[in-house]
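Undergrad: One predicted model, sequence on top.
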There are 2 protein chains.
Amino acid sequence: MMILITYDIGTTSEGGVKRLQKVAKKCESYGQRVQNSVFECVLDYSQFTILKHELVQLIDIDNDSLRFYHLGKNYKNKVEHIGVKEALDVEDFLIF
Amino acid sequence: MMILITYDIGTTSEGGVKRLQKVAKKCESYGQRVQNSVFECVLDYSQFTILKHELVQLIDIDNDSLRFYHLGKNYKNKVEHIGVKEALDVEDFLIF
């Protein structure tokens, strides 16, 4: 299933920049960055549960905002992109 | 139906800051800001078509990225939020 993760990290609060880097790095290890603070992750439910737990440990709930959108299995026709940096299809097989 | 709009505007490019303000203002007129560049809009298809057209006119496709996620009608159980600034339920009746 596709999970969309969006976040706003309070970078002006103490340790905010570090949290931003850690959250981005964590999301990158599970999926694909499609915009600065927007990630698309194809995960099963247990992977999602682990990722969510790990992210909650990284953020400051008084300064940061984390949102998860469950797009389900048939997500490809639910996403439209216009403009720069079209996201690679997360499930496409990349051959270098 | 719920449409999630996320955008990255190339603010370092010429006119970028102005475009960012215009895009945010346009999205605010159709829905609710839940994070800095993330909006939730409850729209019918014709409203969505108009909004998309208006946003495409505002962005610079060589520097900006605009994404639309179609969450459908039963979106409430598809969204999870953790942290600061819980979004008001866009369809809640606000009485002042």
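TA: Right, received. Where do you want to start? In this text, all values refer to a predicted model and were calculated from it rather than measured experimentally. Numbering: from 1, shown residues only, chains lettered A, B, ... in the order given.
Undergrad: Which secondary structure state is assigned to the residue nearest the centre of chain A?
TA: Closest residue to the average C-alpha location of chain A: A:F39 at 3.1 Å, with C-alpha atoms, centre = their mean. Judged by DSSP: H, G, I helix; E, B strand; the rest coil, the three-state class of A:F39 is strand.
Undergrad: That one contacts A:K25, correct?
TA: No - contact criterion C-beta atoms under 8 Å: A:F39 and A:K25 do not qualify, at 11.0 Å. The way it works is simple: take the backbone N, C-alpha and C, and place the C-beta from them, glycine included.
Undergrad: Which residues are in contact with the residue nearest to the centre of chain A?
TA: A:L4, A:I5, A:T6, A:C27, A:E28, A:Y30, A:G31, A:Q32, A:R33 (C-beta atoms under 8 Å, 6 or more residues apart in numbering or on different chains).
Undergrad: Could you check how far it is from B:H70?
TA: Here the criterion is C-beta to C-beta, to the nearest Å. By it, A:F39 lies 18 Å from B:H70.
Undergrad: same deal with A:I61?
TA: Counting by C-beta to C-beta, the gap from A:I61 to B:H70 is 29 Å.
Undergrad: More neighbours: which of those two?
TA: The residue with more neighbours, out of A:I61 and B:H70, is B:H70; 17 against 11, by other C-beta atoms under 10 Å in any protein chain shown.
Undergrad: mind listing what's buried in whichever strand or helix holds that one?
TA: Per DSSP states H and E: B:H70 is located in strand B:65-72. By neighbour count on 16 or more other C-beta atoms under 10 Å in any protein chain shown, the buried set for strand B:65-72 is B:S65, B:L66, B:R67, B:F68, B:Y69, B:H70, B:L71.
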